[in-house]
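Q: quick one, structure for this:
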Amino acid sequence: MGWLERLRRVAAPRRPAEDPMAAALAAFRRGDHAQALALWEAPARAGDPRAQCNIGACFAEGLGVPADAALALRWLTPPAEAGYAPAQRNLAGLLLRGGPGIETDFARAAALYRLAAEAGDGLAQDMLSWMLLEGEVMPPDPIEARRWAEAAAAQGVAAAMTRLGMLHHHAMGVPRDPAAAVRWWCQAAARGDADGQAMLGAALHLGAGIAADPVAALAWLLRAEAGGSQLARPFLGPARAALDAAGQAEAAACAAAPLPEAASEPAA
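A: Numbers count the residues shown, from 1 in each chain. Here you go, the predicted model:
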């Protein structure tokens with residue numbers, strides 16, 4: 001090393017070491033999954049449950065690495081058994097769908113979702129609510145489903161808001177209340193949930209629980225269709241037929257605009 005290089009090293013200010021977990025999260029958020037995995041490896045091997053969970057989730061979803069259910073299981077099991085709620089939720093999802101070398105285990109998946117939900121994980125609360133309505137893995141219980149959906153909605157989970165709207169619309173565990181259903185669908189729609197957008201569009205088209213608004217109805221239905229909601233399809237044709245060409249163009253322009261800001265608190 002030459003004297004100039006030595007001088008530069010001495011003179012250069014020392015930077016504090018960057019938190020590898022923060023750096024990994026930043027890499028993940030900008031889409032550099034491979035870099036995130038590389039940064040998570042050392043803390044994961046040292047036993048950090050967050051890093052282990054994140055690596056397991058990447059293997060489960062094929063983010064930065066080829067999808068590998070067996071490796072996902074290997075990484076997710078230790079933090080899940082240690083009580084880390086996101087790992088319990090991710091492991092539950094893996095067991096629910098299975099994969100090469102992984103047998104489905106619905107009972108264990110349901111138990112893990114419940115553990116994570118009870119620990120306050122909003123996405124697990126949402127999934128447990130859905131399972132309690134479907135009644136395939138556990139006995140149906142719309143009242144408990146509503147309780148968990150409300151817990152998830154309080155944490156901003158849009159799918160849970162859509163489900164609460166459905167519960168009020170179909171009188172499942174609560175009296176039928178179209179206006180309450182619309183309030184929940186408004187919350188979900190503004191947060192980008194395609195099914196919530198579809199149901200809000202349908203309500204605006206039919207004037208159910210809210211004053212009819214043909215332009216807004218079609219705009220929300222178009223957003224829902226673009227988001228992949230199958231619920232929008234039965235209403236799109238009638239909603240278009242309710243408008244002339246100018247109205248349809250206005251609705252299309254609204255649908256292409258940024259979403260309105262969601263209200264700060266979920267509807268009661």
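Q: low pLDDT regions in the stretch 1-150 of the chain?
A: For the stretch 1-150 of the chain, the stretches flagged by pLDDT under 70 are 1-18.
Q: one more pass at 90, please.
A: 1-21, 24-25, 98-102, 135-138 (pLDDT under 90).
Q: ranges for the helices of it?
A: 3-11, 20-29, 33-45, 49-61, 69-81, 85-97, 106-118, 122-134, 142-154 (DSSP state H, counting those that start in this stretch).
Q: would you turn the ones you listed into TSV with distance to residue 223 and mean neighbour count?
A: For glycine as for every other residue, the C-beta is placed from the backbone atoms N, C-alpha and C. Shown next, in TSV, are the helices of the stretch 1-150 of the chain (distance: least, CB to CB, whole Å; neighbours: other CB atoms under 10 Å):
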stretch	distance to residue 223	mean neighbour count
helix 3-11	55	9
helix 20-29	24	16
helix 33-45	28	18
helix 49-61	25	23
helix 69-81	33	20
helix 85-97	27	24
helix 106-118	29	20
helix 122-134	21	24
helix 142-154	20	21
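Q: can I get these in TSV with distance to residue 160?
A: Output for those, formatted as TSV (distance: least, CB to CB, whole Å):
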stretch	distance to residue 160
helix 3-11	54
helix 20-29	23
helix 33-45	27
helix 49-61	21
helix 69-81	22
helix 85-97	14
helix 106-118	11
helix 122-134	4
helix 142-154	4
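Q: between those helices, which gets nearest to residue 233?
A: helix 122-134 (21.3 Å; CB to CB).
Q: report the backbone C-alpha coordinates of that closest one in PDB.
A: What follows is helix 122-134, C-alpha atoms only, in PDB (Å, rounded to 0.1, in the frame of the first residue of the first chain):
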ATOM      1  CA  GLY A 122     -52.900  -9.000  11.200                       C
ATOM      2  CA  LEU A 123     -52.500 -11.200   8.100                       C
ATOM      3  CA  ALA A 124     -52.900 -14.400  10.200                       C
ATOM      4  CA  GLN A 125     -56.000 -12.800  11.800                       C
ATOM      5  CA  ASP A 126     -57.400 -12.200   8.300                       C
ATOM      6  CA  MET A 127     -56.600 -15.800   7.200                       C
ATOM      7  CA  LEU A 128     -58.200 -17.300  10.300                       C
ATOM      8  CA  SER A 129     -61.300 -15.200   9.700                       C
ATOM      9  CA  TRP A 130     -61.500 -16.600   6.100                       C
ATOM     10  CA  MET A 131     -61.100 -20.200   7.300                       C
ATOM     11  CA  LEU A 132     -63.800 -19.700   9.900                       C
ATOM     12  CA  LEU A 133     -66.200 -18.600   7.100                       C
ATOM     13  CA  GLU A 134     -65.200 -21.300   4.600                       C
END
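Q: ok, residues contacting it?
A: 85, 88-89, 92-93, 110, 113-114, 116-117, 137-138, 140-142, 144-149, 151-152, 155-157, 159-160, 163, 172 (CB atoms under 8 Å, 6 or more residues apart in numbering).
Q: kindly report the same for stretch 56-73.
A: By CB under 8 Å, 6+ apart, stretch 56-73 touches 32-37, 74-76, 79, 87, 90-91, 93-94, 98-102.
Q: residue 232 is nearest to which of the helices of the stretch 1-150 of the chain?
A: Of all the helices of the stretch 1-150 of the chain, helix 122-134 comes closest under CB to CB, at 19.7 Å.
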